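Peer 1: A structural model of the following input is requested.
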Amino acid sequence: MIPADLPPQRAAVLAYLRRELAAGHAPSLAEIAAAFGFSSRNAAQKHVQALLAEGLLEQVPGRKRGLRLPGGGADLLPLPVLGRVAAGPPIGADIGLDQQFWLDRRLFTLRPDYLLRVQGDSMIDDGILDGDLVGVQRTPEARDGQTVVARVDGELTIKRLQRGPHRIHLLPRNRAHAPIEVRPGQDFAIEGVYCGLVRPG
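Peer 2: Purely as a prediction, here's the structure:
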């Protein structure tokens, strides 16, 4: 509920921030100003500071986009987007902090450590689409049949793991793509297991 005594514009800012934060996006002051047609970020900052002072928002110290919903720390995870992962032929890791989302941990089957942005369509039969953000739990181990993020010859791909007696295969979930066979001695490592996804609006 939005307090009835809030000025209308401040109530609108709070409603906007609640929607954005619940979707995992912490808007910058510039984005708030643009959303409401403020002439400068100062007006946005005044509203944010007033909402913080009234306990209607919380600020994570030391973070540029550190706004969060009150009491949300128990249910929301801060997850950095660390680059792209191929759903197709492997692509370069492209590691570099892109942005960070606060996401409800209930979106994921396992607790993820980070997010990767999917590029390609090889996993569409598992509901993983181009542009999705996939949650990844960092681990070098995975069971046969799990969907994993694997590094092959220095490049990342997301596939379903199949362990055979003499070979490892990384299986796509789209008949248009061929499996990847990991050859003996090839540079290969499991970077993590798939935990779930977020589809940006």
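Peer 1: neighbours of Arg167, how many?
Peer 2: Per other CB atoms under 10 Å, the neighbour tally for Arg167 reads 11. C-beta: built from backbone N, CA, C; applies to glycine.
Peer 1: Val193 too?
Peer 2: A count of nearby residues for Val193, using other CB under 10 Å, gives 21.
Peer 1: and the gap between it and Thr147?
Peer 2: For Val193, the distance to Thr147 equals 7 Å [CB to CB, to the nearest Å].
Peer 1: ok, now Ala22?
Peer 2: Counting by CB to CB, the gap from Ala22 to Thr147 is 26 Å.
Peer 1: which one's more surrounded, these two?
Peer 2: Thr147 (20 against 14).
Peer 1: now for that one: which residues touch it?
Peer 2: Counting by CB atoms under 8 Å, 6 or more residues apart in numbering, Thr147 touches 123, 126, 128, 158-161, 193-194.
Peer 1: immediately after the helix or strand bottoming out on mean pLDDT in the chain, which helix or strand?
Peer 2: Every helix and strand in the chain was compared by mean pLDDT, DSSP states H and E; the lowest is strand 91-92, with a mean of 56. Sequence order places strand 99-104 as the next helix or strand after strand 91-92, per DSSP states H and E.
Peer 1: pull the CA atoms of the lengthiest helix in the chain into CSV?
Peer 2: Using DSSP state H, we find that the single longest helix of the chain is helix 8-22. What follows is helix 8-22, C-alpha atoms only, in CSV (Å, rounded to 0.1, in the frame of the first residue of the first chain):
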residue,chain,number,x,y,z
PRO,A,8,0.6,12.8,-5.5
GLN,A,9,3.9,13.1,-7.4
ARG,A,10,5.9,11.4,-4.7
ALA,A,11,3.3,8.6,-4.5
ALA,A,12,3.7,8.2,-8.3
VAL,A,13,7.5,8.0,-8.0
LEU,A,14,7.2,5.4,-5.2
ALA,A,15,4.8,3.3,-7.4
TYR,A,16,7.2,3.5,-10.3
LEU,A,17,10.1,2.5,-8.1
ARG,A,18,8.2,-0.4,-6.6
ARG,A,19,7.3,-1.8,-10.1
GLU,A,20,10.9,-1.4,-11.3
LEU,A,21,12.5,-2.9,-8.2
ALA,A,22,10.1,-5.8,-8.1
